[in-house]
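[1] let me see the structure of the following:
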Amino acid sequence: MISVEELYALYKKCAGITTDSRNIKDGVMFFALKGEKFDGNDFALEALKSGARYAVVDRFLLEGTAYRGRKCVVVENSLEMLQKLAAYHRKQIDIPVVGITGTNGKTTTKELVAAVLARKYNLVATQDNFNNHIGVPLTLFRLDERTEMAVVEMGASAPGEIAELTKIVQPTCGLITTVGKAHLQGFGSFEGVKKAKGELYDVLRQRGGTVFYNADNEDLCEMVSHRQGLRTRKYGVKEQGVKILPSTAESPYLRLEMEKDGKPVTIATHLVGAYNADNVMAALAIGEFFEVPFHKAVAAIEAYKPSNSRSQLVKTKENTLVIDAYNANPSSMRASLDNFAATDFANKVLMLGDMLELGQESSEEHRDILRRAMEVAPAIFVVGESFSRASRTLHADPRQVKAFPDIDALKAHLQENPLKASTILIKGSNGIHMQKIVDSL
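    Take a look at the predicted model:
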């Protein structure tokens with residue numbers, strides 16, 4: 001079998017890495033990965049015919065003898081080799097790398113941190129939410145001799161995953177945005193979440209790296225205090241005496257007021273939700289650590305506009321939409337509801353999709369969230385089995401709460417009963433596809 005060093009020598013001759021045989025550019029190295037419904041080995045020969053220089057496979061190809069040997073590289077496990085090669089590549093590039101994980105806000109925080117650091121450095125950052133065992137290695141392969149810094153987001157749904165990803169990323173510093181009740185099916189409990197996310201702290205302590213932590217968050221403070229010898233830099237809205245200015249229907253975006261060098265500074269973002277204040281403060285803290293001038297950091301934060309259904313405000317022809325539908329768990333759902341309740345929007349409507357992967361706590365958590373939702377808005381549309389069951393269990397008034405088995409059923413209802421002049425909060429786990437409702441509003 002080929003060694004990592006030998007494969008790296010072949011990689012250096014290539015124009016990049018891809019795992020998608022439908023997206024082959026001349027000279028790339030194709031890794032044949034397996035998914036639930038596909039086996040990349042089946043497409044290796046096709047990738048080579050399309051212009052790939054090498055195909056890394058873990059199943060011997062019985063056909064296409066002309067493509068064996070020097071072009072088809074056989075390894076024991078293609079995914080493991082992809083990760084080992086990415087880690088080896090990372091070692092060749094001696095730059096600061098910021099690792100980011102957390103239950104809520106990690107993608108927004110990553111985007112804000114990247115926006116700030118890019119004002120001073122040639123930066124590579126995780127694209128979209130490529131934060132898993134495949135996306136993280138692919139991010140690292142974008143590093144080259146011109147890269148001065150990287151920001152890498154890491155997601156996890158089970159114990160040990162953050163530890164594995166940090167071995168690949170080798171961060172020099174990092175932060176956990178929050179710890180909350182998400183992926184409980186995989187982590188087992190809230191304590192399991194804290195232990196799993198805390199793997200980032202453990203690796204940074206071993207490597208002598210710096211941990212940025214929100215001093216306003218009791219759970220993070222506890223996690224830091226239990227790790228003696230950890231290098232830390234704290235930040236926080238309360239910790240730094242920052243004021244969150246009130247949001248209104250006319251001015252719904254998050255605005256912060258703080259002092260810098262004895263002078264008041266207002267930061268006007270394009271983010272909806274006071275809960276994003278922690279993400280802003282994290283970006284400022286990391287920017288300061290890496291000596292990005294404060295005025296440039298503020299300008300970067302103010303210029304950032306969210307996308308991909310995260311903390312977005314969208315005005316359609318008929319309604320105003322607050323879209324936070326990329327993912328959901330009890331803590332993020334409650335934060336969104338509280339923020340929506342605190343803003344004087346007219347004709348409030350909630351469209352909430354199930355929170356997935358909560359395990360045994362799912363029924364209770366959905367009931368609790370629905371109770372809070374019923375305090376926030378007179379019109380609520382829930383999508384999914386768990387919220388529908390909660391509606392029945394709570395004997396919710398059908399005039400206030402309407403339940404639908406899936407997003408298509410809700411779309412069909414809205415075609416017959418369109419909403420107008422409403423402000424609508426849309427939130428749910430990604431698997432419920434709440435973002436599909438936007439075109440119906």
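[2] so residue 349 sits in a helix?
    No - according to DSSP: H, G, I helix; E, B strand; the rest coil, residue 349 belongs to no helix; its state is strand.
[3] nearest the geometric middle of the protein, what residue?
    The residue lying closest to the centre of the chain (CA atoms, centre = their mean) is residue 107, at 3.5 Å.
[4] how about the nearest residue to that residue, chain neighbours excluded?
    Excluding the flanking residues, the one nearest residue 107 by CB to CB, 6 or more residues apart in numbering is residue 129, at 5.3 Å. Placement of C-beta: from N, CA and C, glycine included.
[5] do you know the pLDDT at the residue nearest to residue 347 when sequence neighbours are not counted?
    Excluding the flanking residues, the one nearest residue 347 by CB to CB, 6+ apart is residue 422, at 4.4 Å. As predicted, residue 422 sits at a pLDDT of 95.
[6] what's the answer for residue 141, then?
    As predicted, residue 141 sits at a pLDDT of 96.
[7] tell me who's in contact with the residue nearest to residue 107.
    107, 135, 153, 155, 308, 326 (CB atoms under 8 Å, 6 or more residues apart in numbering).
[8] show me where the stretch 151-300 of the chain has helices.
    161-169, 184-187, 190-197, 199-207, 218-225, 277-289, 294-303 (DSSP state H, counting those that start in this stretch).
[9] and those: which comes nearest residue 25?
    Nearest to residue 25, of all the helices of the stretch 151-300 of the chain, is helix 161-169, at 23.8 Å by CB to CB.
[10] buried set for stretch 243-253?
    With burial defined by 16 or more other CB atoms under 10 Å, the residues of stretch 243-253 counted as buried are 247, 252-253.
[11] I meant stretch 73-81, not that one.
    So, applying 16+ other CB under 10 Å, buried residues of stretch 73-81: 73-75, 78-79, 81.
[12] show residues contacting that stretch.
    1-2, 4, 7, 10, 31-34, 40-41, 54-58, 60, 133-134.
[13] out of the residues you listed, which sit inside strands?
    31, 54-57 (DSSP state E).
[14] and of those residues, the nearest to residue 160?
    residue 31 (22.4 Å).
[15] residues in contact with that closest one?
    Contacts of residue 31 were listed using CB under 8 Å, 6+ apart, and they are 17-19, 40, 56, 78-79, 81-82.
[16] distance to residue 260 added to these, as a markdown table?
    Output for those, formatted as a markdown table (distance: CB to CB, whole Å):
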| residue | distance to residue 260 |
| --- | --- |
| 17 | 42 |
| 18 | 45 |
| 19 | 45 |
| 40 | 51 |
| 56 | 50 |
| 78 | 50 |
| 79 | 46 |
| 81 | 48 |
| 82 | 44 |
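[17] so which of those residues are in helices?
    Under the assignment DSSP state H, the contacts of residue 31 contribute 78-79, 81-82 to helices.
[18] so what's residue 427 closest to, chain neighbours aside?
    Counting by CB to CB, 6+ apart, residue 324 is the residue found nearest to residue 427 once chain neighbours are left out, at 4.8 Å.
[19] low-confidence ranges in the stretch 51-200 of the chain?
    60-70, 181-188 (pLDDT under 70).
[20] was I right about residue 383 contacting residue 429?
    No - between residue 383 and residue 429 there is no contact under CB atoms under 8 Å: 10.1 Å.
[21] so what sits against both of these two?
    353-354.
[22] so between these two, which is more surrounded?
    residue 383 (27 against 22; other CB atoms under 10 Å).
[23] nearest spatial neighbour of the more buried one, skipping sequence neighbours?
    Using CB to CB, 6+ apart, the closest residue to residue 383 is residue 353 (4.5 Å).
[24] and what of residue 59?
    Using CB to CB, 6+ apart, the closest residue to residue 59 is residue 41 (4.2 Å).
[25] cool, residue 332 as well?
    In space, residue 332 is closest to residue 104, 4.4 Å off (CB to CB, 6+ apart).
[26] what are the phi and psi angles of that neighbour?
    Phi and psi for residue 104, reported as degrees, to the nearest 10, are phi -120, psi 150.
[27] just checking, it touches residue 330?
    No - Residue 104 is beyond contact range of residue 330, at 10.1 Å (criterion: CB under 8 Å).
[28] as TSV, the contacts of residue 129 with distance to residue 161 would be great.
    Output for the contacts of residue 129, formatted as TSV (distance: CB to CB, whole Å):
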residue	distance to residue 161
107	17
135	12
153	13
155	8
308	22
326	19
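[29] by neighbours, which of those wins?
    residue 153 (30 neighbours).
[30] could you list every residue that touches that residue?
    Contacts of residue 153 by CB under 8 Å, 6+ apart are 100-101, 106-107, 110, 126, 129-131.
[31] in the sheet, who's paired with it?
    Residue 153 forms beta bridges with residue 100, as assigned by DSSP bridges.
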